[in-house]
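**Q** pasting a predicted model and its sequence here:
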Amino acid sequence: MDEERIKRIARAMCRAARLDPDKPAGNKGPFTMSTREPGCEGPQPAWMLFRQEAAQFAARHSGAAMRL
């Protein structure tokens, strides 16, 4: 799966949840960062909270994800 496509979908999901995708993910509210992307030091951006769901969406809807 194309990593840039997954990132775009995850950022869109983050914005839909009314979170700034570029701000560091925290442990406040209903969203928490429980996993870390390999090779990432320090706080990760909020869009990473939605990366797994975005990858699943892209896999299920490969035709729709191609247009995003």
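**A** Arrived safely.
**Q** residue ranges with poor pLDDT in the chain?
**A** Along the chain, segments meeting pLDDT under 70 span 1, 26-42, 64-68.
**Q** regarding it, what is its longest helix?
**A** helix 3-16 (DSSP state H).
**Q** and the angle for whichever helix or strand comes after that one with helix 3-16?
**A** Per DSSP states H and E, the first helix or strand lying C-terminal to helix 3-16 is helix 51-60. Interaxial angle, helix 51-60 versus helix 3-16 (axes from the mean of the first three to the mean of the last three CA atoms, to 10 degrees): 120 degrees.
**Q** wait, Ala58 sits on Arg8?
**A** No: contact status for Ala58 versus Arg8: not in contact, 9.4 Å apart, counting by CB atoms under 8 Å. C-beta coordinates here come from the backbone N, C-alpha and C atoms, glycine included.
**Q** who's more crowded, these two?
**A** Comparing Ala58 with Arg8 by other CB atoms under 10 Å, the one with more neighbours is Ala58, at 20 against 16.
**Q** can you give me the distance of the more buried one to Pro24?
**A** Computed as CB to CB, to the nearest Å, the Ala58 to Pro24 distance reads 24 Å.
**Q** all set, thanks.
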